[in-house]
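[1] Below are the sequence and a predicted model; questions follow.
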Amino acid sequence: MAKNLFRKSKAPFQIFDVNTSSMNRFLEEHASSLSSSPSNVNITVAKTPAELAQSCDIIVTMLPASAHVQKVYLGDHGILKGMKKGALIIDSSTIDVKTAKDIAEKISNKDGINVDAPVSGGNFFFFFVLLLTVFYFDIISMEYFSFLH
């Protein structure tokens, strides 16, 4: 997901992954594109999810399971410890409903905007979710950008 978002990004790009080899591979693959990129996007690596959240207005996560989501969002150095007021948080993890609702409520309680956009392996379902996400994101982004200005 980070590769796809980076390709389309025209803004500073910050990453975090508990798997440092994944981050290093991402940085190596995109090091040459930094100097040749028309948008001159720069990539920085956060030490923790909280550090990332302190400097980002939009955060996209995609984690393997509910336990990972809980740790990344609610842990001692989690996103909610550093999240800015009005931050747009998009979680594309496919997790249980209870965890998704709990995280969404906590984001909302900290004046953040939550979009739950889980990814599925099925093509039809993915297409349906993509359509809903695009529609919902358009509504949220209008609300989000009017909130910032």
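    The structure has been received and is ready for your questions. Numbers count the residues shown, from 1 in each chain.
[2] Can you tell me the element the spatially most central residue of the chain falls in?
    The geometric centre of the chain, computed from its C-alpha atoms, lies nearest to residue 60 (CA atoms, centre = their mean), at 0.9 Å. Per DSSP states H and E, residue 60 falls inside strand 58-61.
[3] Parallel or antiparallel, list what pairs with that strand.
    With DSSP bridges as the test, strand 58-61 is paired with strand 88-91 (parallel).
[4] Help me confirm that residue 16 comes into contact with residue 48.
    Yes - contact status for residue 16 versus residue 48: in contact at 6.9 Å, counting by CB atoms under 8 Å. Just so you know, the C-beta spots here come from the backbone N, C-alpha and C atoms, and that holds for glycine as well.
[5] In terms of neighbours, single out the busier of the two.
    More crowded of residue 16 and residue 48, by other CB atoms under 10 Å: residue 16, with 22 against 18.
[6] ok, now how distant is the more buried one from residue 74?
    Residue 16 is 15 Å from residue 74, where distance means CB to CB, to the nearest Å.
[7] now swap in residue 52 and tell me
    For residue 52, the distance to residue 74 - CB to CB - is 15 Å.
[8] cool, residue 20 as well?
    22 Å.
[9] So for the two, which sits in the more crowded spot?
    More neighbours surround residue 74 than the other of residue 20 and residue 74, with 16 against 9 (other CB under 10 Å).
[10] Skipping its backbone neighbours, what lies nearest the more buried one in space?
    residue 80 (6.1 Å; CB to CB, 6 or more residues apart in numbering).
[11] buried ones in the strand holding residue 60?
    59, 61 (16 or more other CB atoms under 10 Å).
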